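>>> Got a sequence here, can you model it:
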Amino acid sequence: MLEEIDSLPDFLQPWATWLSALTLGQIWSHIYNPPNRFNLTIAFLVISLKLPSYLKRFRSWRDSRKVIDFAWPVPKEADKSWTGRVIKKPSLFSHLDDNTLLPPEAGKTGEKRKHITCYDPSTAYHLTTLPLLTADEIASNIERADVAQKKWSQTSFAQRISFLRSIKAWVLRDMEGIVKVACRDTGKTEVDAVFGEILTTLSKLDWLIKHGEKTISPDARAGNLLLAHKVSKVHYAPLGTVLACVSWNYSFHNALSPILAALFAGNTIVVKCSEQVAWSTMWFIGGVKACLRACGLDEDVVQLVVCLPEIAEMVTRNKRIKHITFIGSEPVGRKVAVAAAELMVPTCIELGGKDPAFIMPGADLDFFASTWLRGAFQSAGQNCIGVELFLVHRSQYDRFVSIVMPRVRALRPGQDVGSLISHTPIRKLESILQSAVNAGAKLLAGGKQYTHPDHPQAAYFEPTLIVDVKMDMEIANEELFAPVMTVVPYDDVDEAVEWLNRSRYGLGAGVYGRDRTQCRKVAEKLQCGMVAINDFGVFYLNQAMPFGGVKASGHGRFGGEEGLRSLCSAKSITEDRFFSYIRTSIPKPVDFPLPDGKKPWNFLVGLVNLAYARTLWGQVKGLGGLIGASM
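Next up is the predicted model:
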């Protein structure tokens, strides 16, 4: 310590020596002095003025910490030991071929309703056959959500956070049941369900609980010299009733994520789920409604719509809808965008992808092999950010193939890799693979429908490895959404980047290598919405990050600040800093009627130079001109 004091300038050394000799008690005494009536009175007044604000903040914090438990029983069909009636040719419309699949009440009410058959694609077990709502009934549901929005928008952040904490507690407590319901309706494995349904939803909940209020609280913005006496803030107001049209591949997360964000922003929401997962989505949203009831909140703020495509357009064109989130196929996404444009409502549209794993020369193949298998085969490849293309440098190409080939061949359908959502894509997949083989590609594993020994009616596809693929083949340009590992060799990094950038897709990507600088360079060049360096899909596990793509992969973002604020109307509010004491007046040189001569012009030239001249002298001259024109 003394050596450090000696190194100080001479005039500082006495002060430093005195300060270093003080005890903590002496320092406190010098700063505070013993209490007296004057400083105690000042402290009391300050605390008294701030106390109501502190108490309000404490009560809000306390209320936001409340967790309300509620019961929501898991359906018997989710149990592993449950066996249902096997549908010989399972599809959404199996009841048309076999009317014994219809519910007993069908046709007895005199109403002619359309139905959909719900079934487990991994076993072909019949779950239920659902009657669909009419167009009028759907419009009524949307109206209920819209009516509930006014009251919901008045709820406090504490109430909304308490609701989110209660949902989180439900997910943690009943995780096994949620996973089983998701698996039963989609055919995925339990491991895949935890990755894609549970972890991502909990990440969403945690981000909203910790950062949501700050994200959409009034946000102070910078001013300028002319507005130094003003305060400018952006306020984020709810849009109203919003619509989420979500896909089937992650039935729990895809339904919960837009609900959580919309409700936190003060909106009410209508969820149009895929008909493929109507059974599970009804149960998931039933759980959300049970939580709302338990929290003393209006369950009408969330409405579920299950309908066929011919009715769906009536939902997207409903004038009560103020924002549309769409996750699904490109053809349907285009129709949604047109409907939204006619109503002049904002959209967030997430469509297909052809996400690559760009494997740089020298990448650690042994270390990343497991990551690449997870990227290709998670949820049987039915993952919008699943790896659809593996670009491998020629120097490591043979070794890459030798590492992954035995592992792909060892994958077990029904145990390691789940089923497809239905039989519909199987024939097209087989055709695309055969076309690639005819053009010179090599099929080293899989390539066709898999007949499960216990469930021969199920919709399985063999885990597939196809190599020596060229970028002009159909398989390299069409989204497969299937358990297919497509491998493309390349010789030049820049050329391979150009191949990818010519693609019509641009959702996500992964870049793998040993050199951070090179990996970052490739990541920055790729034309897509998200990139993970030396990992797979982690940009979605972090719900602080915006999610979305470019080009034919869609536009807009959900997740993170960008996603939450997109569900709000940004309103700019500017007011006097010292309200009613310092106000803006119209200077005489520019007041109506304008004075004759050059005074108005000279005044404005001076004002512009005072505020924006490039040099201090220019600003001084501007001030002089301003004063001169005002006299």
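
>>> Check residue 46 and give its pLDDT.
You'll see residue 46 listed with a pLDDT of 76.

>>> The chain should start at 9 in everything you say after this.
Let's use 9 as the start, then, which means that last one is residue 54.

>>> Leaving out the residues flanking it, which one is nearest to the residue positioned nearest the centre of the chain?
Geometric centre of the chain, nearest residue: residue 567, 2.9 Å, by CA atoms, centre = their mean. Leaving aside its sequence neighbours, residue 567 sits nearest to residue 555 (CB to CB, 6 or more residues apart in numbering; 4.1 Å). C-betas here are computed from N, CA, C, even on glycine.

>>> residue contacts, that neighbour?
358, 537, 538, 547, 548, 565, 566, 567, 568, 571 (CB atoms under 8 Å, 6 or more residues apart in numbering).

>>> Closest one of those residues to residue 501?
residue 538 (20.1 Å; CB to CB).

>>> which phi and psi does the closest one have?
With angles defined as degrees, to the nearest 10, residue 538 sits at phi -150, psi 140.

>>> Relative to residue 475, how far out is the nearest residue to residue 457 once chain neighbours are set aside?
Spatial nearest neighbour of residue 457, excluding adjacent residues (CB to CB, 6+ apart): residue 434 at 5.0 Å. From residue 434 across to residue 475, the span is 22 Å (CB to CB, to the nearest Å).

>>> ok, longest helix in the protein?
Assignment by DSSP state H gives helix 45-72 as the longest helix of the chain.

>>> hey, C-alpha coordinates of the helix or strand following that one in CSV?
Downstream of helix 45-72, the next assigned helix or strand under DSSP states H and E is helix 102-105. Output of helix 102-105 as CSV, limited to C-alpha atoms (Å, rounded to 0.1, in the frame of the first residue of the first chain):
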residue,chain,number,x,y,z
SER,A,102,-60.7,-42.6,-42.0
HIS,A,103,-64.2,-42.2,-40.6
LEU,A,104,-65.5,-41.7,-44.1
ASP,A,105,-64.4,-45.2,-45.0
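
>>> the domain parsing of this protein - what is it?
Residue ranges for the domains of the chain, per the TED database: 9-73, 142-359+572-578, 364-543, 593-638.

>>> just so I know, which of those domains lies nearest residue 111?
domain 142-359+572-578 (12.9 Å).

>>> What is the end-to-end distance of the closest one?
36 Å (CA to CA, to the nearest Å).

>>> I'd say residue 617 and residue 628 touch.
No - assessed by CB atoms under 8 Å, residue 617 is found out of contact with residue 628, at 9.0 Å.

>>> between these two, who's got more neighbours?
residue 617 (20 against 13; other CB atoms under 10 Å).

>>> ok so, going back, tell me what the longest helix of the chain is packed against?
helix 165-181 (3 or more CB pairs under 8 Å, 6 or more residues apart in numbering; DSSP states H and E).

>>> Which parts of the stretch 359-508 of the chain are strands?
364-367, 397-401, 450-453, 457-458, 468-469, 472-475, 492-498 (DSSP state E, counting those that start in this stretch).

>>> and the third one, how far from the chain's centre?
The gap between where strand 450-453 is centred and where its chain is centred comes out at 36 Å by CA atoms, centre = their mean, to the nearest Å.

>>> Identify each buried residue in that strand, please.
Neighbour counts over strand 450-453 (16 or more other CB atoms under 10 Å) mark 451, 452, 453 as buried.

>>> OK, contacts around residue 617?
626, 627, 629, 630, 633.

>>> Could you tell me which of those count as buried?
Buried, going by 16+ other CB under 10 Å: 627, 629, 630, 633, out of the contacts of residue 617.

>>> can you list these in JSON lines and add secondary structure and pLDDT?
Output for the buried ones among the contacts of residue 617, formatted as JSON lines (DSSP: H, G, I helix; E, B strand; the rest coil; pLDDT from 0 to 100):
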{"residue": "627", "secondary structure": "helix", "pLDDT": "94"}
{"residue": "629", "secondary structure": "helix", "pLDDT": "95"}
{"residue": "630", "secondary structure": "helix", "pLDDT": "94"}
{"residue": "633", "secondary structure": "helix", "pLDDT": "93"}
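
>>> ok, which pair from those is furthest apart?
627 and 633 (10.6 Å).

>>> State the pLDDT value of residue 29.
61.

>>> Give me the contact list for stretch 393-401.
361-369, 380, 383-384, 386-387, 389, 408, 484, 487-489, 492-499, 501, 504, 507-508, 515-516, 518, 538, 544-545, 548.

>>> Report the buried members of these.
361-369, 380, 383-384, 386-387, 389, 408, 484, 487-489, 492-498, 501, 504, 507-508, 515-516, 518, 538, 544-545, 548.
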